[in-house]
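Visitor: Sequence plus predicted model, see below.
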Amino acid sequence: MLLYLSCGVPAVVSPVGMNQEVLSLGHVGFGPRSETEWTDCLISLLENPERAQQMGENGRRVVEEQFSLHVLTPRLAGYIRTFCK
């Protein structure tokens with residue numbers, strides 16, 4: 001999911017675990033629960049390219065702000081410092 005979002009592609013993923021958390025960070029994609037919902041979500045993206053583009057841009061922003069190395073490296077360093085004292 002994060003790979004697609006980092007490329008500016010809206011995500012259509014099962015709404016479980018981290019997927020659900022990421023979906024809640026912005027209008028970045030869909031979390032369909034049934035086969036019919038999967039089909040509807042994919043068709044919606046194909047029929048609404050402007051909406052898909054906006055969702056992709058939102059996804060890219062979420063990845064940059066929440067999951068990029070620039071953001072995660074300082075957090076990881078802090079955890080390591082805590083355990084190395």
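Guide: In hand now; what should we look at?
Visitor: and Gly59, how many residues sit next to it?
Guide: The number of residues packed around Gly59, counting by other Cβ atoms under 10 Å, is 27. Placement of C-beta: from N, CA and C, glycine included.
Visitor: make that Thr73, sorry
Guide: Count around Thr73 with other Cβ under 10 Å applied: 10.
Visitor: now do the one 4 residues further on
Guide: As a burial measure, Ala77 scores 10 neighbours (other Cβ under 10 Å).
Visitor: Repeat that for the one 3 residues further on.
Guide: Neighbourhood size, Ile80 [other Cβ under 10 Å]: 9.
Visitor: Where does it sit, in terms of helix or strand?
Guide: helix 69-83 (DSSP states H and E).
Visitor: so what secondary structure elements neighbour that helix?
Guide: Here helix 69-83 touches helix 49-66, going by 3 or more Cβ pairs under 8 Å, 6 or more residues apart in numbering; DSSP states H and E.
Visitor: What residues of the helix it packs on count as buried?
Guide: Ala52, Met55, Gly56, Asn58, Gly59, Arg60, Val62, Val63 (16 or more other Cβ atoms under 10 Å).
Visitor: what's in contact with the helix holding Ile80?
Guide: For helix 69-83, contacts defined as Cβ atoms under 8 Å, 6 or more residues apart in numbering pick out Glu64, Glu65.
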